[in-house]
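1. Sequence plus the predicted model coming up.
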Amino acid sequence: QVQLVESGGGLVQAGGSLRLSCAASGRTLSSYAMGWFRQAPGKEREFAAAISRSGSSTYYAEFVKGRFTISRDFAKNTVYLQMNSLKPEDTAVYYCAAGNGPWKFDEYDYWGQGTQVTVSS
């Protein structure tokens, strides 16, 4: 079993930055690909970014390419999502996930509780 806890969300103005963290307990994250998904009010959960087990490969949705960067720290058993140039349409609850990945919701077995990101215009 893996327990995932996200942090780092908050309120930021358009053009600003946030860094989300996903800390794991129960098992090392090196066994899993890691992903970040997001869900805006009234919308389905969508893929944002993912990173392979080794950290050598990263994957991004088109709408975050060039703005978001996913990374992992094996020593800290933590995955990060650096979000720059934020837009109001990035407003959503962001979820961390662990599993086989990288692209699809059902490729992940473990999920965090989510952290709210709100971008004001």
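-> Cool, the structure landed. Numbering: from 1, shown residues only.
2. Quick check: pLDDT value at the residue nearest the centre of the chain.
-> In the chain, the C-alpha nearest the mean C-alpha coordinate belongs to residue 36, at 2.6 Å (C-alpha atoms, centre = their mean). The model reports residue 36 with a pLDDT of 98.
3. now swap in residue 61 and tell me
-> 97.
4. Ok, the one 10 residues further on next?
-> The predicted local distance difference test score for residue 71 is 97.
5. how close does residue 23 sit to residue 11?
-> Per C-beta to C-beta, to the nearest Å, residue 23 is found 22 Å from residue 11. Every residue, glycine included, has its C-beta placed from N, CA and C.
6. Over to residue 102?
-> Distance from residue 102 to residue 11, counting by C-beta to C-beta: 29 Å.
7. Which of these two has more residues huddled nearby?
-> residue 102 (19 against 12; other C-beta atoms under 10 Å).
8. rewinding a little: can you tell me how far the residue nearest to the centre of the chain is from residue 121?
-> Applying C-beta to C-beta, the value for residue 36 to residue 121 is 23 Å.
9. Then residue 107?
-> For residue 107, the distance to residue 121 - C-beta to C-beta - is 34 Å.
10. do the same with residue 103
-> Taking C-beta to C-beta as the measure, residue 103 falls 30 Å from residue 121.
11. again, but for residue 54
-> Counting by C-beta to C-beta - residue 54 and residue 121 are separated by 39 Å.
12. Give the helix, strand or coil label for the residue nearest to the centre of the chain.
-> strand (DSSP: H, G, I helix; E, B strand; the rest coil).
13. on that earlier part again, which one's more surrounded, residue 107 and residue 121?
-> A direct count of neighbours by other C-beta under 10 Å for residue 107 and residue 121 places residue 107 higher, at 15 against 9.
14. And the pLDDT at the more buried one?
-> Here, the pLDDT recorded for residue 107 equals 95.
15. Give me the phi and psi for it.
-> Dihedral angles of residue 107 (phi, psi; degrees, to the nearest 10) stand at phi -90, psi 0.
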